[in-house]
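> predicted coordinates and the sequence they were generated for:
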Amino acid sequence: MKLELVIYPTDSNSSSNRHTINLEGSGPFTLGRTQSCDVVVPDQAVSRVHAEITIDGEDIVIKDAESANGTRLDGEEITRAVWPSGSIVTIGSYSIEATRKDGEASRTSVKIPPTGGAFPPPQFDSPTVDVGALKGSGLPVEEVDYLALGGGLGSFIWVDHLRVFGVPAANIRAIGVDPEPQAKYERLCLNSQIPRRERLRSNSISTPDNIWGFPGYASRETWVDLKNGKLGGLKYIFQVFGEPAIAESYTPRAGDVFESIEAEAKRIGWSDIWVAGRIVKIRKTTDGRFAVAYRVPAGHARSGPRNKILVGKHLHIAMGYPASRYLDDLQDFKREHPKSDRVINAYEQHDEIYDKLEKNGGIVLIRGRGIVASRILQRLWEARAKNKDIKVLHIMRSRIVEGRKFDLAQRHAEHDIEYQPFNWPKSCWGGSLRVLLEQADPARRAELMQMWGGTTTADRADWDAMITEGKKDGWYRPFFGEVEGIELKDGRIETKLESSQGFKEEVRLDADYIVDCTGLVADLEANPVLRDIISTYKLERNNISGRSPEQRLSGLKVTNDFEVEGMRNQSGRVYVSGVMALNGPYAAVDSFLGLQYAALRSVAGLAAQRAPTLKQLGPFRSASQWIKWCRNETP
Amino acid sequence: MTPTLMGRFQTRILLYIFLALPITACVSLYLDLLEIGRFWDPFVFITAMTVVGLVLDPVYMQIQRFRWDNDWPFAFQFFFTILEFGITVGLMNAGLLDALLVDRIETSTALFHFTLVFIPSFVALLAGVQIFLVHWRFKGGELGRL
């Protein structure tokens, strides 16, 4: 049996973007992001193994493989369905059409409804649903006052604030796929070569486990060291004292942060709050609340129902799925060679290349100059300890002779890289730059963020020494210019570069691997749930800025309290945090401290409106809650 | 720290009221100044030092503008507080506080007093205020809600 699949990006169905894949046999054929799939779809919104196709007699059957973002057939979410000829399956930002090439195509398959009944129920087709009607539909409906969607760090930090502000665990639910709130974040860390023993680009007082920021990670680390008789631990306190003027900025160990989150999750009763589920649709209700349709993953459903509804009075959405993006020419290469493992994104799992390099040596080409590039360079430097035959080529767009200027200040630049301890100037989190941005109009905000942001890395002495050593010994070479194209040649990848070093010349660079270190983007509309609420409720977006040069990558327009006004439903409120609020009133949304800031603003905002079971956190309650934190007692 | 001008003013006054004044009262009593009618002299000194700080705060804000992070490292806070103490002693010895003081305070006594006020105030900036005021660290040291 022969099957022809045509795949193209949903938003650009031009002939140059259409790719045809022929499959033979009856399957099952896997569709997903990893190279081992039969059909590789290079999109971060696509799960590693996203869906499965089988030929069942005369029918083509498509089955969702518990993917994170779901599989749609002609726009309708399915778990398993017959795929009639002419119908379009959508996964992530790609559309797929299927045709039988063995004479069966002329038959007209009859579309059968997805198994398990239509979900979400038809009420969800209109912008407002009636909770009574939902209850009548026979689906399990649970009601709480506070509902966090996403289940990652953004949700966790918001829930942590609610708990400290007095809301009982029984009155909060958080829907997500991973039981540990830091799971997704930790995966991204591991992929970009930050295991638990390495340090994050974060500060001592950015404490996702503690709403006060005290004790910070530096004093905790000092404390642990001193208890073990290590006087050297005092250096962390000194770093906080002197940073960044007379000491290198303190950064916490990833493992310390994750363990602290695990402890806080236990303290606030996260396991009772977390609900395993993938969100399918969000709707306003007629009684001023919000209904969320979600599907329980097979592994968690036991024998219970898998399609459920949660109704909440106040919603927090932190589903701004940060996705790794390939540079355009690398994306084209991935499309042409979906099975090649030579082009890698630093945020995707790629440990095996270090094993191969340590064994065989080779040339690695790094694209991009940010913090991830620094970390990958460090990992390659470590690999060089095992095999000196590893060389690194580093392509950057242009030379940087001097750092950017703002007001009377100038950013430090060296080795053609701009440095700042964190991804924004420090006072964006809680100083005068925060106020300046909040008070600016949208156009000015975009301008300010353009000036303060950009690609930077941390000024770490060890990284600096590696580059200096690499340049001296010749295993590291930077190149500057525009990439004209890349192609596969004799098993290696050749990069054609229009160099801008001194005079214009064309440079050809051969490498065994290309690592794209240009970072993460968040395309809100790649997530069908967010795309749906954006269009249903006509939600406004923020202006674009340097961080996200395309409108689709900009966040939702929010108030200074991080409320999405377009979602307001009588007294019901919807708040967001993280990249969902990118380019809004606050710059550093996608940082631990930024998530804490957003959570504090929204929870304090709810407290001011006298939201149910939420109390104000005055000085005395705050201090007594802090003591409970120290004693590890439930809030 | 990433203070704003209002944040500097408000935090300074907060620490003055809740730490400097009670500690000064204790110092005054401990030195038996009440009996000799000089109970208020240390209060005059610490108040003068607070005023010196308030005058210097806009200057610090100008220095901050030259810093890319627009921040104020703890090391700066440490150094400049000692400088404020030096300036206040200088002003006192120049006779500028004579109208308010019963008698000028000896430098060693002033240093003793200053140290007792300075250490807890510095610790409060590092680790104390945010326990009571959760919004404070995001407001550049200003009080109240965000």
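Sure, I can see it.
> hey, let's count contacts and neighbours off CA atoms from now on
OK.
> got the contact list for the residue nearest to residue A:286 when sequence neighbours are not counted?
Leaving out its chain neighbours, the residue that sits closest to residue A:286 by Cα to Cα, 6 or more residues apart in numbering or on different chains is residue A:130, at 5.3 Å. The neighbours of residue A:130, taking Cα atoms under 8 Å, 6 or more residues apart in numbering or on different chains as the test, are A:123, A:285-287.
> among those, which are in strands?
Mapping these onto strands (DSSP state E) picks out residue A:285.
> by pLDDT, give me the weakest of the contacts of residue A:130.
The lowest pLDDT within the contacts of residue A:130 belongs to residue A:123, with 91.
> coming back round to it: just put the contacts of residue A:130 in JSON lines and tack on distance to residue A:245 and neighbour count.
As requested, those are exported to JSON lines (distance: Cα to Cα, whole Å; neighbours: other Cα atoms under 10 Å in any protein chain shown):
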{"residue": "A:123", "distance to residue A:245": "59", "neighbour count": "16"}
{"residue": "A:285", "distance to residue A:245": "53", "neighbour count": "23"}
{"residue": "A:286", "distance to residue A:245": "56", "neighbour count": "16"}
{"residue": "A:287", "distance to residue A:245": "55", "neighbour count": "16"}
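> buried residues in stretch A:137-150?
Neighbour counts using 16 or more other Cα atoms under 10 Å in any protein chain shown place A:139, A:141, A:143, A:145-150 of stretch A:137-150 among the buried residues.
> repeat for stretch A:176-183
Buried residues in stretch A:176-183, counted by 16+ other Cα under 10 Å: A:176-178, A:180-183.
> can you redo the residues you listed as a markdown table with pLDDT?
Output for the buried residues of stretch A:176-183, formatted as a markdown table (pLDDT from 0 to 100):
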| residue | pLDDT |
| --- | --- |
| A:176 | 95 |
| A:177 | 90 |
| A:178 | 92 |
| A:180 | 96 |
| A:181 | 97 |
| A:182 | 96 |
| A:183 | 94 |
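> restricted to helices, list the residues you listed.
Residues of these located in helices (DSSP state H): residue A:183.
> quick check: the closest residue to residue A:181 other than its chain neighbours vs chain B, distance?
Nearest-residue entry for residue A:181: residue A:152, 4.4 Å, with adjacent residues in sequence omitted and distances by Cα to Cα, 6+ apart. In this view, residue A:152 and chain B are 23 Å apart by Cα to the nearest Cα, to the nearest Å.
> how about the contacts made by the residue positioned nearest the centre of chain B?
Centroid-nearest residue in chain B, with Cα atoms, centre = their mean: residue B:50, separated by 4.9 Å. With contact taken as Cα under 8 Å, 6+ apart, residue B:50 is in contact with B:12-13, B:16.
> out of the residues you listed, who's nearest chain A?
Chain A lies nearest to residue B:12 out of the contacts of residue B:50, by Cα to the nearest Cα, at 16.1 Å.
> now, which of the contacts of residue A:130 sits nearest residue A:484?
residue A:123 (51.2 Å; Cα to Cα).
> for the strand ranked longest in chain A, give the mean pLDDT please.
Criterion DSSP E: the longest strand present in chain A is strand A:476-489. For strand A:476-489, mean pLDDT rounds to 91.
> which bits of chain B sit near chain A?
Contact residues (Cα under 8 Å from any Cα of the partner chain) of chain B with chain A: B:2-4, B:65-71, B:73-75, B:127, B:130-135, B:137-140, B:146.
> between the contacts of residue A:130, which is nearest residue A:67?
residue A:123 (24.3 Å).
> how about the nearest residue to that closest one, chain neighbours excluded?
Computed as Cα to Cα, 6+ apart, the closest residue to residue A:123 that is not its neighbour in sequence is residue A:129, at 5.8 Å.
> so what's the one you found up against?
Contact analysis of residue A:129 by Cα under 8 Å, 6+ apart lists A:123, A:283-286, A:291.
> try 6 Å
Neighbour list for residue A:129: A:123, A:285-286 [criterion: Cα atoms under 6 Å, 6 or more residues apart in numbering or on different chains].
> tell me the buried residues in stretch A:395-403?
Residues A:395-397, A:403 are the ones in stretch A:395-403 that count as buried (16+ other Cα under 10 Å).
> burial count for residue 85?
No chain was given, so I picked chain A. Using other Cα atoms under 10 Å in any protein chain shown, residue A:85 is surrounded by 20 other residues.
> think we crossed wires, I meant chain B
By the measure other Cα under 10 Å, the count of residues near residue B:85 is 23.
> before we move on, what about residue B:36?
Residue B:36 has 9 nearby residues by other Cα under 10 Å.
> assign a three-state SS to it, would you?
When classified by DSSP: H, G, I helix; E, B strand; the rest coil, residue B:36 comes out as coil.
> which residues does the helix or strand bottoming out on mean pLDDT in chain A contact?
Lowest on mean pLDDT, DSSP states H and E among the helices and strands of chain A sits strand A:323-324, with a mean of 70. For strand A:323-324, the external contacting residues (Cα under 6 Å, 6+ apart) are A:44, A:520-522.
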